[in-house]
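> okay, here's the prediction I keep looking at, along with the sequence it came from:
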Amino acid sequence: MAETGGRAPITCTGLGKVFDGGVRAVAPIDVTFAAGATTALVGPSGCGKSTLLRLVAGLEDPTEGEVRIDGRTPAAQRAQGAISVAFQDPSLLPWLTVRANVALARKLARQPPDPAQVEDLIGLVGLSGSEETRPAALSGGMRQRAAIARALVTGPQILLLDEPFGAVDELTRRQLARDLPPLWEPRGTTTLLVTHSLHEAVTLADRILVLSPRPARIVADIAVPLPRPRDARLTDSAEFRALVARASQALAQGDADNAPMAAQ
Ligand SMILES: Nc1ncnc2c1ncn2[C@@H]1O[C@H](COP(=O)(O)OP(=O)(O)OP(=O)(O)O)[C@@H](O)[C@H]1O
């Protein structure tokens with residue numbers, strides 16, 4: 001199969017999720033993620049961000065509504081190798097080296113081997129020298145970076161990142177946020193990124209969706225019309241800081257709107 005890179009919009013229609021036991025994680029949501037855009041999902045801890053991402057990935061079934069990716073179900077797109085995920089807890093195969101874990105992703109997507117691409121990506125995520133290391137001997141942050149290389153090596157149409165830099169120190173985190181987007185942006189990859197860092201959201205995204213406390217619903221939809229690359233000069237700018245402040249206010253407002261009514 002050829003590389004799947006291409007432009008695919010994601011449409012969520014009346015999408016909701018109630019877990020067994022009655023916990024509603026996602027309120028019915030209507031949203032379209034434009035093909036080729038990067039959208040950051042931010043919201044309070046436990047609000048349903050990961051559940052929303054898992055619904056888009058087809059790793060959870062909705063209890064209401066549907067997800068369509070370029071008109072097809074997530075399951076159909078996954079079967080084509082069109083969706084890559086890098087989640088908080090990277091599930092690398094423990095018996096394989098970093099290099100073999102990254103290379104395996106292409107094999108699983110039925111793509112021809114591309115050793116040069118594997119080496120390039122390992123270098124770009126800062127793991128040169130650890131190619132022959134197995135996951136148990138890596139730090140948490142190194143495992144996350146290996147998972148990002150693995151997610152990118154297939155050139156996916158859809159890239160779903162759940163706190164991909166969560167276990168990485170702040171300096172490396174900012175470096176990755178700067179260095180990695182050029183790998184997927186020119187390919188027109190539709191990217192959803194869950195993050196707790198508003199700085200990261202504004203650095204990476206074209207659009208930020210601010211979610212309410214559980215069940216997740218959209219409380220603000222913020223465009224990020226900043227030029228790229230978003231280097232240190234830009235992230236120090238007044239426009240950048242204003243967007244971070246706007247997202248921060250929306251988060252606080254979403255929280256306040258959901259606070260239990262004070263006793264009369
Ligand atoms: N498989 C499951 N069964 C039952 N409840 C679940 C399941 N998965 C998640 N939940 C619940 O759904 C809610 C939303 O969880 P989710 O992981 O989507 O939140 P989140 O916003 O990603 O959280 P965090 O920011 O802390 O990672 C939580 O109350 C969680 O306990």
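Ah, there it is.
> which parts of the stretch 101-250 of the chain are helices?
115-124, 140-152, 170-179, 181-184, 198-204, 232-235, 238-258 (DSSP state H, counting those that start in this stretch).
> so which of those comes closest to the ligand?
Checking those against the ligand by C-beta to the nearest ligand atom gives helix 238-258 as the closest, at 12.1 Å. Heads up, the C-betas are built off the backbone N, CA and C, glycines and all.
> what does that closest one contact?
Contact with helix 238-258 is made by 42-44, 198-199, 201-202, 208, 210-213, 219-220, 222, 224, 226, 230, 234, as judged by C-beta atoms under 8 Å, 6 or more residues apart in numbering.
> just put the helices of the stretch 101-250 of the chain in TSV and tack on mean pLDDT, mean neighbour count and distance to the ligand.
Listed next are the helices of the stretch 101-250 of the chain as TSV, based on pLDDT from 0 to 100; neighbours: other C-beta atoms under 10 Å; distance: least, C-beta to the nearest ligand atom, whole Å:
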stretch	mean pLDDT	mean neighbour count	distance to the ligand
helix 115-124	93	17	26
helix 140-152	89	24	14
helix 170-179	80	17	16
helix 181-184	80	18	22
helix 198-204	92	23	13
helix 232-235	86	13	23
helix 238-258	90	15	12
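> CSV for these, including distance to residue 51?
Formatted as CSV, those follow (distance: least, C-beta to C-beta, whole Å):
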stretch, distance to residue 51
helix 115-124, 29
helix 140-152, 19
helix 170-179, 24
helix 181-184, 23
helix 198-204, 19
helix 232-235, 30
helix 238-258, 17
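> hmm, back to that, quick one: which of the contacts of helix 238-258 sit in strands?
Members of the contacts of helix 238-258 lying in strands (criterion: DSSP state E): 42, 208, 210-211, 219-220, 222.
> and the residues you listed, which is closest to residue 158?
residue 208 (18.5 Å; C-beta to C-beta).
> what sits against that closest one?
39-40, 42, 198, 201-202, 220-222, 224, 243, 247.
> hmm, try it at 7 Å
40, 42, 201, 222, 224, 247 (C-beta atoms under 7 Å, 6 or more residues apart in numbering).
> my guess is the first one meets residue 196, correct?
No. When contacts are counted by C-beta atoms under 7 Å, residue 40 is not listed as touching residue 196 (10.4 Å).
> where does the stretch 1-150 of the chain have low pLDDT?
1-6 (pLDDT under 70).
> who in it is up against the ligand?
Taking C-beta under 6 Å from any ligand atom as the measure of proximity, the stretch 1-150 of the chain contacts the ligand at 19, 21, 23, 25, 43, 45-51.
> in helices, which of the residues you listed appear?
49-51 (DSSP state H).
> nearest residue to the middle of this protein?
Most central in the chain under C-alpha atoms, centre = their mean is residue 161, positioned 2.2 Å from the mean C-alpha point.
> quick one, what contacts the nearest residue to that one once chain neighbours are set aside?
Distances taken as C-beta to C-beta, 6 or more residues apart in numbering place residue 193 nearest to residue 161, at 4.6 Å, with adjacent residues excluded. Listed by C-beta under 7 Å, 6+ apart, the contact set of residue 193 reads 38, 40-41, 161, 204-205.
> ok, so of those residues, who is nearest residue 83?
Closest to residue 83, out of all of the contacts of residue 193 and judged by C-beta to C-beta, is residue 161, at 11.7 Å.
> that's all I had, so thanks and see you.
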